[in-house]
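[1] take a look and give me a structure for this.
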Amino acid sequence: MVPSLLRVLIICFGLSTLVAGAPPPALWEAIETFRTEGPKGWGFTQTTSSAERNRVETFDPLRPSHLRMSLIRENGAAPTEKELQTYREQQTRRTGGQTAPNPTKQMDLATAELVAEDGPRQQWRFRLKPGATDDTSAEHMHVTLTFHTPTATIERVVLANFEPFAPVFTVKVEEARTTIDYSLPTDDRPSLLQQIVVKVRGRAFYFKSLDSDMTVVYSDHYYAGKH
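    Modelled structure (predicted):
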């Protein structure tokens, strides 16, 4: 069921398709059904790389929520028994299953702006609404969606700040950027999560660097079915 706000927006924008910059109704529908982690029922291999860690995991959607992720390699080697025990304990403490945060749910839909168009692809930018009463970061950030019009697919999501900000008094963030890429659907598979790249540049207490880079690659996708 489409929420009443989205229903009104779809009707309004459907009646104003001749207005320059009006988002197509298919974009609103793609936003409404968007899941950061991709469609249900698909397994994959997840490889995380950062300055501190290189980790390979697999995801099996048919297992109980706390057992869906399995540790395969840690920093280039098979995990030790201690590492496996710690990993299992961390997975068990997780709540809410494997649902990833969805930045599209925090977008201010009324601020939609077409910022680029290249053949079948459009880039739409949205301002963010605060996710909580103490959220001081949202007003400094926006989300840019790359929308593939022939397949009505959100191909890329970029969450980034457009100006420096201080989420707390002692922290100054110069750059915060998360880029999420998806494949285009084919005859035998839907659009699937391919990669997440996170980049942060900033300082705490004026001297401690907060700089960090992380890349998560998703591969070996297979359809396992649904519960």
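
[2] can you give me the strands for the protein?
    For the chain, applying DSSP state E gives strands covering 42-50, 54-59, 69-74, 113-118, 121-127, 141-148, 153-161, 171-182, 193-204, 208-209, 212-223.

[3] what angle separates the fourth one from strand 141-148?
    Strand 113-118 and strand 141-148 meet at an angle of 40 degrees, taking axes from the mean of the first three to the mean of the last three Cα atoms, to 10 degrees as the criterion.

[4] strand 113-118 - what's its average pLDDT?
    Computed over strand 113-118, the mean pLDDT rounds to 96.

[5] how about the second one?
    For strand 54-59, mean pLDDT rounds to 98.

[6] and what of stretch 79-97?
    86.

[7] confirm for me that A160 is in contact with T178.
    Yes. The pair A160 and T178 passes the contact test of Cβ atoms under 8 Å, sitting 7.4 Å apart. Glycine gets a C-beta too; all of them are placed from N, C-alpha and C.

[8] one step back: any chance of the strands of the chain in TSV, plus distance to A30 and mean neighbour count?
    Listed next are these as TSV, based on distance: least, Cβ to Cβ, whole Å; neighbours: other Cβ atoms under 10 Å:
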stretch	distance to A30	mean neighbour count
strand 42-50	18	17
strand 54-59	23	17
strand 69-74	27	16
strand 113-118	15	12
strand 121-127	10	19
strand 141-148	7	20
strand 153-161	5	19
strand 171-182	11	17
strand 193-204	15	17
strand 208-209	38	10
strand 212-223	20	15
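
[9] how about TSV for those strands, with distance to T92 added?
    Shown next, in TSV, are the strands of the chain (distance: least, Cβ to Cβ, whole Å):
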stretch	distance to T92
strand 42-50	18
strand 54-59	15
strand 69-74	11
strand 113-118	43
strand 121-127	36
strand 141-148	33
strand 153-161	29
strand 171-182	27
strand 193-204	24
strand 208-209	32
strand 212-223	22
